[in-house]
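In: Here you go, sequence then predicted model.
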Amino acid sequence: MNPQQLDNNVHKQPGFISFLKIWWYSHYFGTKIILIISAIFGFIDIFTHFAFNIFSNSPDQTMPFQIQRLIFAPFIHYYNLDLILAIICINNKFKDFEIKLGTVAFIITITSLGFITQSLCLLLQFIFSYIYNPFYQVPAYSLWNYGIFFIIQECLVLPNGQSQFLIFPLQLKNKYYPLIFVALFTLIQQSLTFISSSLIAILYNILLDIFSLQLATIEKLEKTIIFKWFIERIDFRRVSNYQDQLEPSVDSRELPYVETPPAKLTAEGSAPFPPSLVLSELQQQLSNEIHERVVDQEEQKQKELQNEEQDL
């Protein structure tokens, strides 16, 4: 299906279905993988907690050999309502992070962050279980681990600014937002996973150069057997499609803070956007993104053809 047919089909669908299609197609490949994995686990746990029991992380369950819990714990939830709320609140942050890194670097970074966070959580709960015994059995889990990671990155960019509390009409100072978030969710879940997420988020910001992959490395990884079957997808963000736009001298932490229109309207007490306006804007955004991805792919193919001709 070409982009024009995709765009036309989306516009012909009824309102809610059209909205869901626009929402789905507006995400990139790596973010879709996260959403699919979380949704599969959520579907399995509708009637039982089979996935939760297999993948939640605690010293009692994980030690010594169940390493799969360190990888998949961030993608499971005990309650599906919690999963839905997490997806609503965090999905755009995943998308923005993938746009910034590219799909391959995004998948590697998210997987690594999740594994390191859960490993640190496991260690902390094992140590503190000698002080408070329930820590040995309390499970750690949920996409909210990534939520606190993104929140801390945003707050460190502008520590004196304000941010909206998730999707709720409440503005919090960036100095206190992470502390409030961590304290609230730690009390709810009773584990140390959000404390470990906070520590890893701060280390990531400090050691950004160490966590970052070189462009040449990313290009090589894109051609490996794991990713080569997907790089031609329109939603796969290849590093070669945007590396010319990168400015190495500009640190993202130096960029000015721009308040989003919904947050600004909420802060000023105005009414939210009408649903029809939101839908039309999303449709236009989808059309623009599809067009940009197609143009990027065509430019990439032309560059590859030129390189092949030069080699000959």
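Out: Structure's in. What do you need?
In: Am I right that V138 is in a helix?
Out: No - counting by DSSP: H, G, I helix; E, B strand; the rest coil, V138 is not found in a helix; it is coil.
In: list the contacts for it?
Out: With contacts defined as CB atoms under 8 Å, 6 or more residues apart in numbering, the neighbours of V138 are 58, 125, 189-191. In this view, the C-beta of every residue, glycine as well, is placed from N, C-alpha and C.
In: make it 10 Å
Out: Residues in contact with V138 (CB atoms under 10 Å, 6 or more residues apart in numbering) are 56-60, 125, 129, 132, 189-193.
In: So which of the residues you listed belong to helices?
Out: Secondary structure from DSSP state H places 59-60, 125, 189, 193 of the contacts of V138 in helices.
In: Of these, which is the nearest to N80?
Out: Of all the ones in helices among the contacts of V138, N80 sits closest to Q189, with 15.7 Å by CB to CB.
In: On the pLDDT front, check the closest one for me.
Out: Confidence at Q189, expressed as pLDDT, is 91.
In: Next, the contact list for it, please.
Out: 78, 82, 138-142, 144.
In: at 8 Å what do you get?
Out: Q189 touches 138, 140-142, counting by CB under 8 Å, 6+ apart.
In: got it, and V239?
Out: V239 touches 102, 104-105, 215, 218-219, 222, counting by CB under 8 Å, 6+ apart.
In: Mind checking which of the ones in helices among the contacts of V138 are buried?
Out: 59, 125, 189, 193 (16 or more other CB atoms under 10 Å).
In: Show me the two of those residues that sit farthest apart.
Out: Longest span within those, CB to CB: P59 and Q189, 15.4 Å.
In: any idea which residue sits dead centre in the protein?
Out: F94 (2.3 Å; CA atoms, centre = their mean).
In: low-confidence ranges in the stretch 201-312 of the chain?
Out: Applying pLDDT under 70 to the stretch 201-312 of the chain flags the ranges 240-287, 289-291, 293-294, 297, 304, 307-312.
In: Please, where are all the strands along this structure?
Out: With DSSP state E, the ranges of strands along the chain come out as 162-164, 171-173.
In: What residues sit buried inside stretch 206-222?
Out: 211, 213, 218, 221-222.
In: Ignore what I typed, I meant stretch 145-163.
Out: Buried, per 16+ other CB under 10 Å, within stretch 145-163: 145-157, 161-163.
In: on that earlier part again, which one of the contacts of V239 is nearest to I36?
Out: V104 (17.5 Å).
In: Make sure the closest one is actually in contact with L215.
Out: No - at 10.8 Å, V104 does not count as touching L215 under the criterion of CB atoms under 8 Å.
In: re earlier: just to check, the residue nearest to the centre of the chain is in contact with I34?
Out: Yes - contact criterion CB under 8 Å: F94 and I34 qualify, at 6.0 Å.
In: Please enumerate the shared neighbours of the two.
Out: Common neighbours of F94 and I34, using CB under 8 Å, 6+ apart, are I110.
In: need the strands of the chain in TSV with mean pLDDT and distance to A73, can you?
Out: Listed next are the strands of the chain as TSV, based on pLDDT from 0 to 100; distance: least, CB to CB, whole Å:
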stretch	mean pLDDT	distance to A73
strand 162-164	91	26
strand 171-173	92	27
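In: Redo the ones you listed as JSON lines? Include distance to L199.
Out: Output for the strands of the chain, formatted as JSON lines (distance: least, CB to CB, whole Å):
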{"stretch": "strand 162-164", "distance to L199": "20"}
{"stretch": "strand 171-173", "distance to L199": "21"}
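In: Which one, of the ones you listed, ends up nearest to I44?
Out: Ranked by CB to CB, the member of those that lies closest to I44 is strand 162-164, at 32.3 Å.
In: mind checking how far the closest one is from the chain centre?
Out: 19 Å (CA atoms, centre = their mean, to the nearest Å).
In: likewise stretch 93-107?
Out: The answer for stretch 93-107 is 7 Å, by CA atoms, centre = their mean.
In: cool, stretch 155-165 as well?
Out: For stretch 155-165, the distance to the chain centre is 19 Å (CA atoms, centre = their mean).
In: same thing with stretch 179-196?
Out: The answer for stretch 179-196 is 19 Å, by CA atoms, centre = their mean.
In: mind starting the numbering at 26 from now?
Out: Sure, I'll start counting at 26 from here, so that last one is stretch 204-221.
In: Quick check: buried residues in it?
Out: Applying 16+ other CB under 10 Å to stretch 204-221 flags 206-207, 210-211, 214, 216-221 as buried.
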